[in-house]
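**Student:** predicted model follows, preceded by the sequence.
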Amino acid sequence: MTVALVLLTLLVGAWLLAVIEAWLTTGRLRPVAPLLAGLSHLGRESILARKPDRLFFETAPVLLLVVAVLGAAVLPLAPDLVIADLATGALFLNAVLAYVLVSLIMAGWGPNGAYAMVGGWRFLGQLIAYSMLIVMPITATAMRAESLLNSAIVESQAGLWNIVYQPLGFVLFFIAAIALAFRSPFDLPTAPGELAGGVDAEYTGVRLAVLRLARLVMVITLSAATTVFFLGGWQGPLLPPWAWSLIKTLAVAVSMLLVGFYLPRIREADLLGWCWKLGIPLALLNILIVGLLILVVP
Amino acid sequence: MVVQAFFVGVFGLAAIGFGVAVFRTASMVRSALALLFSQAAVGCMFLAMQAEFLGVLQIMMMATEMSIMAIFMVMFMMDPGGLGGMDMSHQKRFSIGAGAIAAATAISVALFSDWGPIVAEAPDAAMQTRELGFEMLGRSMLVFETAAITILTAMIAATAVAIPVRQPGVDTGKLDKGNGDKEQEASK
């Protein structure tokens, strides 16, 4: 039952996101359009590049989708609405997100195309840098909760949400989440207009449909993670817990879209430079500040 | 216990299978990712043995490490895609001998070691994480700190080696030839 509910939430979330994204770009609100677009992909020819690494080419979109769903499996939407509240939940999420990289390397290498390969290896640098900004802010939230249980991290924010307690960590995590979901302005692996779609370039038909769905689900998962770690999870007045989780997750997802909508794509060198020279020192500073707060403020 | 042993066996076989695949393929990326899945299977063995933290950590660390290895293999091998039919195996007799001796040693260590009494019930995952933390920041701290400093030193040294040293009169082959020419003139 819980599994079905979480999967349904992810699917509905992905659909809503696609509708809002199309609304932002075209100015027209068409709720059925994403479903029709998905169906039309199923009817299209799935072109296979010459001399591909077939195994990687086929595995990559499915792996990305599995990774996005597995990540959501450890995030509690309500006190009893979580597929697996692991004792190492916060670490498990990091472990799962590392496989986004594996999936994109496969998608880049598999089709035997130059643009795709450049996109895949670009993401290697991007993820290695920005996964630090996922791990370190999560570490700081786990320090406050004194637990790696995601439900315990939510409960630790009963008095004060982490967005107020550790705003620096929130900002870094939010930026890193956009980079990890390779949404604009961090969409260097796909880079439409520059890499002709990058890792997406050689995918068509049903494989492209899975890849697009996986990217949308990934945004929902990362938004849910932001909610759990920084926005108090299911906590809130009047409404039932699951409703608060959904509202917050959707708000974070839409704000990610808006950031991408108004900012231009960042140069690869700047993207990496900012992360290693500015982001990571700030993330370490965040851990120090949170550590001091925990010791000083009871 | 039987179910656990079954899964430890299944993941163990998977780890060996992917390990064999590392050398059976000519594509460098396939080889690196096969090693990744072999190590991830070892992580799953930890999970089957109820060592949750170690298992998840192993699965996490290997993803980025093996991806980095993949790009290095692509950069340095002459035929990274393996489309030219390159054979990765060489020194076959020596390798088989070394493999057999290593396997025999590992099996005999496993069989003849005194492993102590079998723990029927592992402590719960949260307690394991806690105990691991105390272990790493207590008795084993020196070991881990030594390893960390060694790795950091190697990283700094590798970066330092990679930075080209400018020698007057020597063309380093870099694109900014303007400066090089000036230096050459200055050295004259």
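**Tutor:** Nice, I can see it. Keep in mind it's a predicted model, so treat the numbers as computed, not measured.

**Student:** what secondary structure does residue 118 sit in?
**Tutor:** Since you didn't name a chain, this refers to chain A. At A:Val118 the chain is in helix, as set by DSSP: H, G, I helix; E, B strand; the rest coil.

**Student:** what does A:Pro237 give?
**Tutor:** Per three-state DSSP, A:Pro237 ends up coil.

**Student:** give me the contact list for the lengthiest helix in chain B.
**Tutor:** What stands out as the longest helix in chain B, according to DSSP state H, is helix B:52-76. Contacting residues not belonging to helix B:52-76 are listed as A:86-88, A:91-92, A:94-95, A:98-99, A:101-102, A:105, A:121, A:124, A:127-128, A:131, B:28-29, B:31-33, B:35-36, B:39-40, B:42-47, B:80, B:125, B:128-129, B:132 [CB atoms under 8 Å, 6 or more residues apart in numbering or on different chains]. (Each C-beta comes from the backbone N, C-alpha and C, glycine too.)

**Student:** what residues of it count as buried?
**Tutor:** B:52-60, B:62-67, B:69-71, B:74 (16 or more other CB atoms under 10 Å in any protein chain shown).

**Student:** now the stretch 151-298 of chain A against chain B: closest residue?
**Tutor:** A:Ala152 (9.1 Å; CB to the nearest CB).

**Student:** pLDDT (mean, whole number) over the strand or helix carrying that residue?
**Tutor:** Taking DSSP states H and E as the criterion, A:Ala152 maps to helix A:150-155. Averaging pLDDT along helix A:150-155 yields 92.

**Student:** what sits against the residue nearest to the residue of the stretch 151-298 of chain A closest to chain B when sequence neighbours are not counted?
**Tutor:** Leaving aside its chain neighbours, A:Ala152 sits nearest to A:Ala145 (4.8 Å; criterion: CB to CB, 6 or more residues apart in numbering or on different chains). Counting by CB under 8 Å, 6+ apart, A:Ala145 touches A:152-153, A:155-156.

**Student:** hmm, try it at 10 Å
**Tutor:** A:90, A:151-157, A:162, A:229 (CB atoms under 10 Å, 6 or more residues apart in numbering or on different chains).

**Student:** phi, psi of it?
**Tutor:** phi -80, psi -20 (degrees, to the nearest 10).

**Student:** do the same with B:Gly85
**Tutor:** phi 70, psi 40.

**Student:** thought A:Ala224 was touching A:Leu10?
**Tutor:** Yes: using CB atoms under 10 Å, A:Ala224 is in contact with A:Leu10, at 8.8 Å.

**Student:** next, count neighbours for residue 4.
**Tutor:** All of this refers to chain A. 8 (other CB atoms under 10 Å in any protein chain shown).

**Student:** that's the other chain; I wanted chain B
**Tutor:** B:Gln4 has 12 nearby residues by other CB under 10 Å.

**Student:** element containing it, please.
**Tutor:** B:Gln4 belongs to helix B:2-24, assigned by DSSP H and E.

**Student:** with just CA atoms, put that helix into CSV.
**Tutor:** Taking Å, rounded to 0.1, in the frame of the first residue of the first chain, the C-alpha atoms of helix B:2-24 are listed here in CSV:
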residue,chain,number,x,y,z
VAL,B,2,19.7,-20.1,5.9
VAL,B,3,18.2,-17.2,3.9
GLN,B,4,21.1,-14.9,4.9
ALA,B,5,23.7,-17.5,3.9
PHE,B,6,21.8,-18.0,0.6
PHE,B,7,22.0,-14.3,-0.2
VAL,B,8,25.6,-13.9,0.9
GLY,B,9,26.3,-16.7,-1.6
VAL,B,10,24.3,-15.2,-4.4
PHE,B,11,26.0,-11.8,-4.0
GLY,B,12,29.4,-13.4,-3.6
LEU,B,13,28.9,-15.3,-6.9
ALA,B,14,27.7,-12.0,-8.5
ALA,B,15,30.9,-10.3,-7.3
ILE,B,16,33.1,-13.0,-8.8
GLY,B,17,31.0,-13.0,-12.0
PHE,B,18,31.4,-9.2,-12.5
GLY,B,19,35.1,-9.5,-11.5
VAL,B,20,35.6,-12.0,-14.3
ALA,B,21,33.7,-9.6,-16.7
VAL,B,22,36.3,-6.9,-15.9
PHE,B,23,38.9,-8.9,-17.9
ARG,B,24,36.6,-10.5,-20.5
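
**Student:** and that helix, is it in reach of chain A?
**Tutor:** No: Helix B:2-24 is not in contact with chain A by CB under 10 Å from any CB of the partner chain; minimum separation 10.6 Å.

**Student:** can you tell me the average pLDDT over that helix?
**Tutor:** 91.

**Student:** please apply the same query to stretch A:234-254.
**Tutor:** 91.

**Student:** give me the distance from it to the chain's centre.
**Tutor:** 17 Å (CA atoms, centre = their mean, to the nearest Å).
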